[in-house]
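> A predicted structure for the sequence below; I have some questions about it.
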Amino acid sequence: MENTQPKKRILSGIQPSGALTLGNYVGALRNFAELQKENEYECFYMIADLHSITVKQVPKELRKNSLDLLALFLACGLDGEKDPIFYQSHVPAHAQLGWVLDCCTYFGELSRMTQFKDKSRKHADNINAGLFTYPSLMAADILLYQSDLVPVGHDQKQHLELTRDIANRFNNTYSDTFKVPEPYIPKIGAKIMSLQNPAQKMSKSDPNENSYILLLDPIDRVVSKIKKAVTDSEACVRRGEGKEGVENLMSIYSAATGKTMDEIENEFAGRGYGDFKAAVAESVVEILKPIQAKYNDLIKNKDYLEKIYRSGAERAAYVANKTVSKVYRKIGFIQP
Ligand code: ATP
Ligand code: LTN
């Protein structure tokens, strides 16, 4: 008999604020694709362009990064025909609910967000109101779709917790309106660290290019960046204090091959870092090659990309508008 239960929903997003790193892939994008393949969820995957302007963007670059990101979503295995992939700015309901949720979020809560504190430090000349209220717009993204699950990397955990608090607060004030979502944070790869400073997260906005691997980096560049990755003088592939660089490479290798950390320690027992780094590089290249080939095909096909994002926005707006109407009614706005 056919299952008539409506599917559970997933929403997640990535900002088109630059080229994607291996961290974005392992921490988020790869799970978007895997969860979609499970067929248990209706997946709304969004390019968070409204969020990206909390940091200064050059219009021409933002346009390019936004289209690139759509092609990369598809190249990484997302199916834009089965489920909607869309630009946040194409669905006005995000801005509409964002405002309402700004009014349900406290100054003190927003002040505690570590992403706000980090980005304020990095962009001290542009600490704008949007950067501060970013988390309530993110809550709107998620709650608009009555999402059950939100796949993200570890750094977004705090935003997810705030989203849950905002949802509960609204539900308690105005009666049950929003589903309270759960985060989905992978066990391995939720926080890939910088190759040059393993105390920091691998980040596309790091000024040191050797600190990150981009999904579209030329293959020889990937190999050389991994060769240059910071390790230690012990020359032993294992976890432990002072071995954060090696441990990060082990996590990358584990995420790429599916091997556990114990298996990796055994595999490289008695072997030096040269061998180990070569194996890590090979495993990463194996992931990147097919993504790059697909991306190169897709980016030439603008008509197809346009078809995907247009139908994506239409399908997303249908669901999102229903939530906005419900919210407006509950708040006490006169129905138009
Ligand atoms: P920036 O580096 O410019 O601050 P970002 O890469 O952190 O940007 P997004 O592009 O919006 O920001 O991140 C998209 C997704 O990738 C999020 O779910 C985030 O948690 C995840 N992510 C980002 N960096 C890493 C990392 N180093 N390891 C694992 N997951 C990551
Ligand atoms: N805040 C996220 C990007 C993002 C997002 C979302 C993630 C915007 N809206 C909704 C999950 C769900 C980031 O900076 N990585």
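Received it, and whenever you're ready, just let me know what you need. Ligands and ions are numbered 1, 2, ... in the order given.

> which non-adjacent residue is nearest residue 257?
For residue 257, ignoring the flanking residues on the chain, the nearest one in space by Cβ to Cβ, 6 or more residues apart in numbering is residue 283 at 5.2 Å. (C-beta placed from N, C-alpha, C; glycine too.)

> helices or strands next to the helix or strand that neighbour falls within in the packing?
If you go by DSSP states H and E, residue 283 is part of helix 273-298. Judged by 3 or more Cβ pairs under 8 Å, 6 or more residues apart in numbering; DSSP states H and E, helix 273-298 is in contact with helix 59-75, helix 219-227, helix 244-257.

> Which neighbouring elements make contact with the very next helix or strand once past the longest one?
Read that as helix 59-75. Next in sequence after helix 59-75, counting helices and strands by DSSP H and E, comes strand 85-87. Where contact means 3+ Cβ pairs under 8 Å, 6+ apart, strand 85-87 is packed against strand 41-47, helix 59-75, helix 302-331.

> let's see it at 6 Å
Packing partners of strand 85-87 (3 or more Cβ pairs under 6 Å, 6 or more residues apart in numbering; DSSP states H and E): strand 41-47, helix 302-331.

> Could you single out the most deeply buried of those?
strand 41-47 (a mean of 24; mean count of other Cβ atoms under 10 Å).

> Is there contact, residue-wise, from the next helix-or-strand element following it to ligand 2?
Note on strand 41-47: by DSSP H and E, the next helix or strand toward the C-terminus is helix 49-52. Yes: Helix 49-52 is in contact with ligand 2 by Cβ under 6 Å from any ligand atom, via residue 51.

> hmm, helix 49-52 touching ligand 1?
No: counting by Cβ under 6 Å from any ligand atom, ligand 1 has no neighbours in helix 49-52; the shortest distance is 7.2 Å.

> For that helix, what does the pLDDT average out to?
Averaging pLDDT along helix 49-52 yields 98.

> Ok, stretch 116-132 next?
For stretch 116-132, the per-residue pLDDT averages 95.

> do stretch 202-218 as well
Here the average pLDDT along stretch 202-218 is 94.

> Residue 153 against residue 26, yeah?
No: using Cβ atoms under 6 Å, residue 153 is not in contact with residue 26; the gap is 8.2 Å.

> Neighbour count: these two, which is higher?
residue 26 (25 against 22; other Cβ atoms under 10 Å).

> surely the more buried one meets residue 256?
No: Residue 26 is beyond contact range of residue 256, at 8.0 Å (criterion: Cβ under 6 Å).

> dump the residue contacts of residue 84.
Taking Cβ atoms under 6 Å, 6 or more residues apart in numbering, we find residue 84 in contact with 44, 312, 315-316.

> Contact residues of the stretch 201-336 of the chain facing ligand 1?
201-205.

> Buried ones from the residues you listed, can you make that a ChimeraX selection?
A single ChimeraX command selects the buried members of those (16 or more other Cβ atoms under 10 Å):
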select :201,202,203
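
> Switch the residues of the stretch 201-336 of the chain next to ligand 1 over to JSON lines; also include secondary structure.
Formatted as JSON lines, those follow (DSSP: H, G, I helix; E, B strand; the rest coil):
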{"residue": "201", "secondary structure": "strand"}
{"residue": "202", "secondary structure": "coil"}
{"residue": "203", "secondary structure": "coil"}
{"residue": "204", "secondary structure": "coil"}
{"residue": "205", "secondary structure": "coil"}
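
> ok so, going back, any chance of the helices and strands packed on strand 85-87 in JSON lines, with distance to residue 267 too?
Formatted as JSON lines, the helices and strands packed on strand 85-87 follow (distance: least, Cβ to Cβ, whole Å):
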{"stretch": "strand 41-47", "distance to residue 267": "35"}
{"stretch": "helix 302-331", "distance to residue 267": "41"}
